[in-house]
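[1] generate a structure from the sequence data that follows.
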Amino acid sequence: MGLAPTPAVPAQKVSTPDLTAVRRARTPEGPNYGAAILFLFPAAILLVVFLLYPSLYTILLSFNRGRNGVFEQWVGFDNYVRLFTDPDFINLSTFPPSGALWNNVLWIVFYTSIVIFLGLIIAVVAARVRYESVIKAIVFIPMAISATALAVIWKFVYSPDANIGLLNAILGAFGVSPISWLGDENLVNFALIAVGIWGSVGFATVILSAAVKSIPAEVIESARVEGANERQIFFRMILPMVSLPISVLAVTLVVNVIKLFDLIYVMTAGGPGKASRVIAFTMYQQAFQAGQYGYGSAVAVVMLVVLIPIMIYNVRRFRTGAVT
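    Numbering: from 1, shown residues only. Now for the predicted structure:
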């Protein structure tokens, strides 16, 4: 016995206005520029008032005598000529060179490279041990301390008095005479760099640890199956795969070095003599202590000129890595 045919159901008529309403509901609305401008306006005002205006004012002031923060006399590039001929800023006539700019170069070379190296080694090792979180917590502790407190602590550690300074107390236990870590022009910069390294390794470890853990375990295991040893895995697989976080971290550390001020101010105030002055501290001394705002503004503009290409590279490198 065959199945009875299904009775046809008459189609429901939909009026034209109803269809138009449905299409409008399904069609995405165009961009609401008014709302976007409304939300961006407060941030734009803050950027103009606290970033753009001070930057332009500083640039104009750098071409002026500018004592006490006001325009006095237009001097053109005199402040810049004075800056780059000032032996306290850069002195290439001696070996090794000296000056605030050279001290920043020392910080960039030693501080940045050692922090990245130690952070990467600790991140790789911590990923293979049981108490990974404990190791990270211990290494990260210095990052929880403010830079000023960090400087005060290490100023006591470096004290030439063996009854106060931990390092000299240890040396004294082995019969070594106390060393003036912060009073020796040949040692002071490296002593300060060591403090910066101690305070930043935890930050580098956390960043690089996340990058290392993002590498698929199957990739590493397949490399081991193919006969790759640990050195080959590190240099040919892990290192290339974390190159983007390393470059971003390196730029961040370099920017921190160029802005370095508080550690120098608290521990040495630029001394002994002027041996440990850096660019930011020179700007502070010239503008706010000597009252030479035009000359200090020239130092600030040099800092800005150095920072801008670094930040542009950082943004482009990050975008390239995100796309690839």
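
[2] going along the chain, name the strands of the stretch 201-324 of the chain.
    Defined through DSSP state E, counting those that start in this stretch, the strands belonging to the stretch 201-324 of the chain form an empty list.

[3] helices along that one, start to end?
    Counting by DSSP state H, counting those that start in this stretch, residue ranges of the helices within the stretch 201-324 of the chain are 217-225, 230-233, 239-241, 243-258, 262-267, 279-284, 293-323.

[4] what's the mean pLDDT across the fifth one?
    Throughout helix 262-267, pLDDT has a mean value of 95.

[5] okay, buried residues for stretch 111-120 please.
    Using 16 or more other Cβ atoms under 10 Å as the burial criterion, the residues of stretch 111-120 that qualify are 111-112, 114-116, 118-120. Heads up, the C-betas are built off the backbone N, CA and C, glycines and all.

[6] actually stretch 300-313, not the one I wrote
    Buried residues in stretch 300-313 (16+ other Cβ under 10 Å): 300-303.

[7] cool, stretch 71-89 as well?
    Buried-residue list, stretch 71-89, by 16+ other Cβ under 10 Å: 75, 78-80, 83, 86, 88-89.

[8] which two of the buried residues of stretch 111-120 have the greatest separation?
    Spanning the widest gap among those are Tyr111 and Leu120, at 15.0 Å by Cβ to Cβ.

[9] so where is the stretch 51-200 of the chain shaky, pLDDT-wise?
    Residues of the stretch 51-200 of the chain that meet the criterion pLDDT under 70 lie in 69.

[10] again, 80 this time
    By pLDDT under 80, the weakly predicted segments of the stretch 51-200 of the chain are 66-72.

[11] neighbours of Ser159, how many?
    Counted with other Cβ atoms under 10 Å, residues neighbouring Ser159 total 19.

[12] give the helix, strand or coil label for it.
    coil (DSSP: H, G, I helix; E, B strand; the rest coil).

[13] tell me the phi and psi of the residue lying closest to it once chain neighbours are set aside?
    Counting by Cβ to Cβ, 6 or more residues apart in numbering, the nearest residue to Ser159 once its immediate chain neighbours are dropped is Gly165, at 3.4 Å. In terms of degrees, to the nearest 10, the main-chain angles of Gly165 are phi -80, psi 120.

[14] wait, Gly165 touches Ser180, no?
    No: counting by Cβ atoms under 8 Å, Ser180 is not a contact partner of Gly165; they are 9.7 Å apart.

[15] out of those two, which sits in the busier spot?
    In terms of neighbours (other Cβ under 10 Å), Gly165 is the more surrounded of Gly165 and Ser180; the figures are 22 against 15.

[16] from Phe174, how far out is that one?
    Applying Cβ to Cβ, to the nearest Å, one obtains 14 Å for the distance of Gly165 from Phe174.

[17] coming back round to it: so which of the buried residues of stretch 71-89 are in helices?
    Here DSSP state H is the test, and these give 78-80, 83 as lying in helices.

[18] would you turn those into CSV with distance to Pro309?
    Written out in CSV, the entries for those read as follows (distance: Cβ to Cβ, whole Å):
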residue, distance to Pro309
Asp78, 25
Asn79, 22
Tyr80, 18
Leu83, 19
